[in-house]
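**Q** need the 3D shape of this:
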Amino acid sequence: MAPAPLNRLRQQWREGRPTFGAIATIPSIQTVQIMAQSLDWVIVDLEHGPIDLSAAHAMITATAGTPCVPLVRIAANQPWLAKAPMDLGALGINFPMICSREDAEKAVRSVRYPPRGERLWGPFHAPFRWGVSMADYMATADDDMICGVTIEHVEAVNRIDEIMATPGIDLAIIGPGDIATSINKRGQLDDPEVRELMARAEAGIIKSGVPIGGVARTAAQANRMIERGYLFLALGFDWSLLQRGIAASFDGIKR
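**A** Next comes the predicted model:
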């Protein structure tokens, strides 16, 4: 009997069920443990925060005992950066700044073993995270691993059809902050040109049939995105959720 897949996100997406998560930038086991109680997934951020591999391993392990799936965002589209997080138990890699089909193909090859890809063997700690044998981990590894690409540059939007035609992409996430930055409109997420680029990226991803992800800053925005077909919604960063929680605690207090 074949072992069951470890990653529950794919089945949820096949059923059209949106999944919710957050990006962890604080090197904290406790923060991840708290978030994992309520979220479908957590992205451990190795791109912009102070998290090293030792902390990432602990944070990935901190999702154990919950339905939360640990994913990792790496700093660049390089196979050697993707290798260790997968071997430590992450079930998906979020690749930044994918701007061409060549970029997408490189990302896909990084997360799957030969003959489907070029991932090197050495998952010494991943089976312990998931409570399975090495043989069972290897049996489902290629299908469990999510290749998530981020569309976050004007050049990526211009090439969205060729990028999304790449076999093996499991998830495409739109990064509004970097799209705005790429056209010299940092922070201007409501600028008409930025919104037009995001709409083009969204249309291209949805047309491809690949699950689409993005950032939902409010409940109303999340609901609108779900209606348009989003299946992977980031509710914020650990720091922003903490910030919002503190602000909400002061609501109504007379100071």
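
**Q** going by C-alpha atoms from here, please, whenever you check contacts or count neighbours.
**A** Noted.

**Q** quick one: end-to-end distance for stretch 148-166.
**A** Start and end residues of stretch 148-166 are separated by 12 Å (Cα to Cα, to the nearest Å).

**Q** so for that stretch, mean pLDDT?
**A** The average pLDDT within stretch 148-166 is 98.

**Q** can you give me the buried ones in that stretch?
**A** Of the residues in stretch 148-166, those buried by neighbour count under the rule 16 or more other Cα atoms under 10 Å are 148-161, 163-166.

**Q** of the residues you listed, which belong to strands?
**A** Among the buried residues of stretch 148-166, the members found in strands (DSSP state E) are 148-151.

**Q** helices along the stretch 1-150 of the chain, start to end?
**A** Taking DSSP state H, counting those that start in this stretch, the helices of the stretch 1-150 of the chain run over residues 9-14, 29-36, 53-61, 79-87, 101-110, 126-130, 134-144.

**Q** residue 90 reaches residue 59, doesn't it?
**A** No. Residue 90 is beyond contact range of residue 59, at 9.8 Å (criterion: Cα atoms under 8 Å).

**Q** hey, C-alpha coordinates of the lengthiest helix in the chain in CSV?
**A** Looking across the chain with DSSP state H, the single longest helix is helix 192-208. Only the C-alpha atoms of helix 192-208 are listed here, as CSV (Å, rounded to 0.1, in the frame of the first residue of the first chain):
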residue,chain,number,x,y,z
PRO,A,192,-3.8,52.8,-11.2
GLU,A,193,-0.7,51.5,-13.0
VAL,A,194,0.2,49.1,-10.1
ARG,A,195,-3.4,47.9,-10.0
GLU,A,196,-3.4,47.3,-13.7
LEU,A,197,-0.2,45.2,-13.5
MET,A,198,-1.6,43.2,-10.6
ALA,A,199,-4.9,42.6,-12.6
ARG,A,200,-2.9,41.3,-15.6
ALA,A,201,-0.8,39.0,-13.4
GLU,A,202,-4.0,37.7,-11.7
ALA,A,203,-5.7,37.1,-15.0
GLY,A,204,-2.7,35.2,-16.4
ILE,A,205,-2.4,33.0,-13.3
ILE,A,206,-6.1,32.2,-13.1
LYS,A,207,-6.2,31.3,-16.8
SER,A,208,-3.4,28.8,-16.3
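
**Q** which pair in the ones in strands among the buried residues of stretch 148-166 has the greatest spatial separation?
**A** Spatial extent of those (Cα to Cα) is set by the pair 148 and 151 at 9.8 Å.
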